[in-house]
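Engineer: Mind folding the following:
(chains A and B)
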2 protein chains.
Amino acid sequence: MPPPDSERPVDFPPTEKTRIKRLHQRAHYDRESAYAVLDSGVLCHVGYVIDGQPYVTPTAYWREGDKVYWHGSSASRMLRRVKEGVPVCFTVAMLDGLVLARSGFHHSVNYRSLMAFGQAEAVEDEAEKIRSLDVFIERLTPGRAAEIRPATSQEIKATTLLRMKLDEVAVKIRNGPPVDDEEDYALDVWAGVVPVRTVIGAPQDDPRLKPGLAEPGYLREIRINALDGD
Amino acid sequence: MPPPDSERPVDFPPTEKTRIKRLHQRAHYDRESAYAVLDSGVLCHVGYVIDGQPYVTPTAYWREGDKVYWHGSSASRMLRRVKEGVPVCFTVAMLDGLVLARSGFHHSVNYRSLMAFGQAEAVEDEAEKIRSLDVFIERLTPGRAAEIRPATSQEIKATTLLRMKLDEVAVKIRNGPPVDDEEDYALDVWAGVVPVRTVIGAPQDDPRLKPGLAEPGYLREIRINALDGD
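Structural biologist: Below is the predicted model of the structure:
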């Protein structure tokens, strides 16, 4: 868990786009907080613009060092557009709880979120693409990259891989109980937090699974959106 | 559960923005599918543009009839911008599972997602704002709107409430097992789906909860991101 606000370093100096003006106690600009959010989540939302129209595309991502990666079919509109180097907003958000206060106004949610602004670039080198896609697989299922059938050149060509350096980044986190108006604490209203968690279910064999194949141990170790201490 | 593809009506005729060109078997343009996704989720991502720069802001939303609503502080950059009537992309996405195939190329995720394009408008009438914010509270915790301290005019003024009509909408869903290349089914590689689910934890009393207040029954009935059949 990152130390409290005042002790935390500023690794991503806030800009006009990333400075959180309201509720600034929820803002974090340090690498540790950013990586903690990124390494917990799986799904990001990539924002980009075509002819003045915003698009927000959900997709899986992963982090390596100071870069985030995402990928998909070379035919994807999002990937074709974003690889041109247009401005991107990369957002990750996880709902951690419902915050039930004594007034509607102070109802809230607990969450972790990250916004990163920048331009993505395509990774074109075949060996580097293979290596990075293996990182993606190894991230949640370590050991699996060596078990599966290796990628063909044709598959790598059909896959667009994008990466974006983390430069302009804001992390916003809310946790803890509701904060009510002082006089409302006397009301006869239940208040507190209803936790929202992501859990991983029992693996479901492919109906065409080859008989006699054991379930790999890593399937029971997967954690997604996990909070420290979970 | 909506009927299979060919039997489903088209309530939102696909446009240049919403037509899903690849993997079109995952696309749905009917109201039932759209409402099922919307009524299951809590967190949306709102995309908008300022000076050519895309922003993607996560926020809670709710649906009423053929409109989605979201809200927040009147000082919020997102709300101030979006209420001007600029083009918006409203996206909801839920991760339902990891799809582990026998090749990296066919690895995938199961998910439900919705993208809606349009312009939002601010709800200005105080009574209508109160009514709609109550719908939001009642949605997850039915009965609570009448228990909490009523909103003040000042609070309602400080809250911007936006709504957007669902006109240009695409739903994209993947479920089921991996789909591998035919020759790969013979490989000695475990394949299948690892389910990802959202669960609601045991409510946590506010540390300042007034003694003797019972936990409301609705707290144990909350469901978020639930799939049909869960």
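
Engineer: For the rest of this, base every contact and every neighbour count on C-alpha atoms.
Structural biologist: Noted.

Engineer: Next up, phi/psi of A:K129, please.
Structural biologist: Dihedral angles phi and psi of A:K129 (degrees, to the nearest 10) take the values phi -60, psi -50.

Engineer: neighbours around it, how many?
Structural biologist: Per other Cα atoms under 10 Å in any protein chain shown, the neighbour tally for A:K129 reads 20.

Engineer: Distance of it relative to B:E215?
Structural biologist: 52 Å (Cα to Cα, to the nearest Å).

Engineer: One more: A:Y48?
Structural biologist: 44 Å.

Engineer: Tell me which of the two has more neighbours.
Structural biologist: Using other Cα under 10 Å, the more surrounded residue of A:Y48 and B:E215 is A:Y48, with 29 against 15.

Engineer: Next up, identify which helix or strand the more buried one is on.
Structural biologist: strand A:43-50 (DSSP states H and E).

Engineer: That strand pairs with which strands, parallel or anti?
Structural biologist: strand A:53-64 (antiparallel), strand A:87-100 (antiparallel) (DSSP bridges).

Engineer: Can I get those in JSON lines including mean pLDDT and distance to B:A191?
Structural biologist: Shown next, in JSON lines, are the strands paired with strand A:43-50 (pLDDT from 0 to 100; distance: least, Cα to Cα, whole Å):
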{"stretch": "strand A:53-64", "mean pLDDT": "97", "distance to B:A191": "19"}
{"stretch": "strand A:87-100", "mean pLDDT": "98", "distance to B:A191": "28"}
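
Engineer: Would you mind finding the most buried of the ones you listed?
Structural biologist: Of all the strands paired with strand A:43-50, strand A:87-100 has the most neighbours on average by mean count of other Cα atoms under 10 Å in any protein chain shown, namely a mean of 24.

Engineer: Following element in sequence after that one, please.
Structural biologist: Sequence-wise, the next helix or strand downstream of strand A:87-100 (DSSP H and E) is strand A:108-119.

Engineer: between that next one and strand B:53-64, how many degrees?
Structural biologist: 150 degrees (axes from the mean of the first three to the mean of the last three Cα atoms, to 10 degrees).

Engineer: which residues touch the helix or strand just after strand A:108-119?
Structural biologist: The first helix or strand that comes after strand A:108-119 along the chain, using DSSP H and E, is strand A:121-122. Applying Cα atoms under 8 Å, 6 or more residues apart in numbering or on different chains, the external contacts of strand A:121-122 come out as A:82-85, A:160-164.

Engineer: between the residues you listed, which is nearest A:V99?
Structural biologist: A:M164 (33.6 Å; Cα to Cα).

Engineer: looking at the sheet around that closest one, what are its partners?
Structural biologist: If you apply DSSP bridges, the partners that A:M164 bridges to are A:V68.

Engineer: That one: neighbour count?
Structural biologist: 21.

Engineer: Kindly report the same for A:R80.
Structural biologist: A:R80: 14 neighbours (other Cα under 10 Å).

Engineer: which ones are touching the closest residue to it other than its chain neighbours?
Structural biologist: Closest residue to A:R80 apart from its sequence neighbours, by Cα to Cα, 6 or more residues apart in numbering or on different chains: A:S74 at 6.9 Å. By Cα under 8 Å, 6+ apart, the contact set of A:S74 is A:80, A:157-160.

Engineer: what does A:R19 give?
Structural biologist: A:A170.

Engineer: Which of the contacts of strand A:121-122 fall in strands?
Structural biologist: Among those, the members found in strands (DSSP state E) are A:160-164.

Engineer: possible to save these as a markdown table with distance to B:V179 and pLDDT?
Structural biologist: Shown next, in a markdown table, are the ones in strands among the contacts of strand A:121-122 (distance: Cα to Cα, whole Å; pLDDT from 0 to 100):
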| residue | distance to B:V179 | pLDDT |
| --- | --- | --- |
| A:T160 | 20 | 97 |
| A:L161 | 21 | 97 |
| A:L162 | 24 | 97 |
| A:R163 | 27 | 98 |
| A:M164 | 30 | 98 |
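
Engineer: What is the most widely separated pair among those?
Structural biologist: A:T160 and A:M164 (13.4 Å).

Engineer: The closest residue to A:T91 other than its chain neighbours pairs with what?
Structural biologist: Counting by Cα to Cα, 6+ apart, A:T91 lies nearest to A:M115, which is 4.5 Å off, once chain neighbours are set aside. Note on A:M115: beta-bridge partners by DSSP bridges are A:T91, A:A170.

Engineer: if we can go back for a sec, can you give me the pLDDT of the residue nearest to A:R80?
Structural biologist: Looking at A:S74, its pLDDT reads 89.

Engineer: Next, find the distance separating it from chain B.
Structural biologist: From A:S74 across to chain B, the span is 11 Å (Cα to the nearest Cα, to the nearest Å).

Engineer: same check, this time on A:A27
Structural biologist: 14 Å.

Engineer: quick one: that residue and A:R174 touch, right?
Structural biologist: No. Using Cα atoms under 8 Å, A:A27 is not in contact with A:R174; the gap is 9.0 Å.

Engineer: Where does the prediction get shaky in chain A?
Structural biologist: A:1-7, A:229-230 (pLDDT under 70).

Engineer: give me that answer again for 50
Structural biologist: Within chain A, the stretches with pLDDT under 50 are A:1.

Engineer: Please pick out the residue of it most distant from its centre.
Structural biologist: Each residue of chain A has a distance to the centre, and by Cα atoms, centre = their mean the biggest one is for A:A186: 39.0 Å.

Engineer: Does the residue lying closest to it once chain neighbours are set aside belong to a helix, a strand or coil?
Structural biologist: Among residues not flanking A:A186 along the chain, B:K210 sits closest, at 6.8 Å (Cα to Cα, 6+ apart). Using DSSP: H, G, I helix; E, B strand; the rest coil, the structure places B:K210 in coil.
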